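Novice: one predicted model, sequence on top.
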Amino acid sequence: MLKKRIEEALNEQINKEMYSAYLYLSMSAHSTHIGLKGFANWFMVQYKEEVTHAMKLYEYIQDQDGQVKLTNIEQPPTEFASPLDMFEKTLKHEEFVTKSINDLVDLAIKENDHATQIFLQWFVTEQIEEEANDKEIISKLKLVGEKGSGLFMIDRELAARKE
Ligand code: FEO
């Protein structure tokens with residue numbers, strides 16, 4: 001049985017994960033629009049991952065006899081200045097999600113909720129990987145520049161990302 005405060009915070013996290021999904025789907029659409037199919041693939045895979053993050057929370061709440069409450073998903077941006085801009089916004093957003101997960105862990109500790117603490121460990125680890133991936137791509141984009149053959153090389157690399 002979940003405490004009310006924990007249930008509310010987990011439901012808020014579902015919304016944040018669904019917003020993440022929506023944000024990356026928007027970036028995928030924009031990438032297709034500007035002719036970068038590899039970028040579009042990378043963000044599409046990321047979109048699907050975020051939906052699975054939301055579903056992990058959804059199932060956990062239900063397994064603990066809590067109530068899932070879905071709320072409005074904010075509109076994501078639809079225009080981006082450049083591929084680098086998309087990844088810088090991605091990293092910034094993931095740092096926000098990391099803070100939110102850490103706050104959730106703090107709350108679970110405060111409420112003596114051991115099950116939720118253990119459940120959240122997967123997300124703590126996942127956030128390390130997500131931020132590291134984003135930083136690596138940002139470094140590459142800065143290194144090769146955002147035009148010409150360098151950009152298409154990165155596009156080809158991002159096309160290889162699988163679900
Ligand atoms: Fe679900 Fe990208 O954190």
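Specialist: Sure, I can see it.

Novice: and the pLDDT at the residue lying closest to Gly150 once chain neighbours are set aside?
Specialist: Nearest residue to Gly150, sequence neighbours excluded (Cβ to Cβ, 6 or more residues apart in numbering): Val144, at 2.9 Å. To be clear about C-beta, it is placed using only N, CA and C from the backbone, and glycine gets the same treatment. Model confidence at Val144, expressed as pLDDT, equals 89.

Novice: so Val144 versus the ligand, what's the distance?
Specialist: Val144 sits 25 Å away from the ligand when distances are taken as Cβ to the nearest ligand atom, to the nearest Å.

Novice: pull out the buried residues from the helix or strand of the chain with the lowest mean pLDDT.
Specialist: Taking mean pLDDT, DSSP states H and E as the measure, the chain has helix 148-159 as its least confident helix or strand, at a mean of 94. Residues of helix 148-159 classed as buried by neighbour count (16 or more other Cβ atoms under 10 Å): 151, 154-155, 158.

Novice: do stretch 116-131 as well
Specialist: Neighbour-count burial for stretch 116-131, with 16+ other Cβ under 10 Å as criterion, is recorded at 116-117, 119-120, 123, 126-127, 130-131.

Novice: tell me the two of these that are most distant?
Specialist: Considering Cβ to Cβ, no two members of the buried residues of stretch 116-131 lie farther apart than Thr116 and Glu131, which are separated by 22.5 Å.

Novice: okay, the residue nearest the centre of the chain: pLDDT?
Specialist: Centroid-nearest residue in the chain, with Cα atoms, centre = their mean: Ser20, separated by 4.7 Å. Each residue has a pLDDT score; the one for Ser20 is 98.

Novice: what about the host helix or strand of Glu8, distance to the chain center?
Specialist: Element membership of Glu8 [criterion: DSSP states H and E] is helix 4-33. On the basis of Cα atoms, centre = their mean, to the nearest Å, helix 4-33 sits 7 Å off its chain's mean C-alpha point.

Novice: show the subsequent helix or strand relative to that helix.
Specialist: Note on helix 4-33: by DSSP H and E, the next helix or strand toward the C-terminus is helix 37-63.
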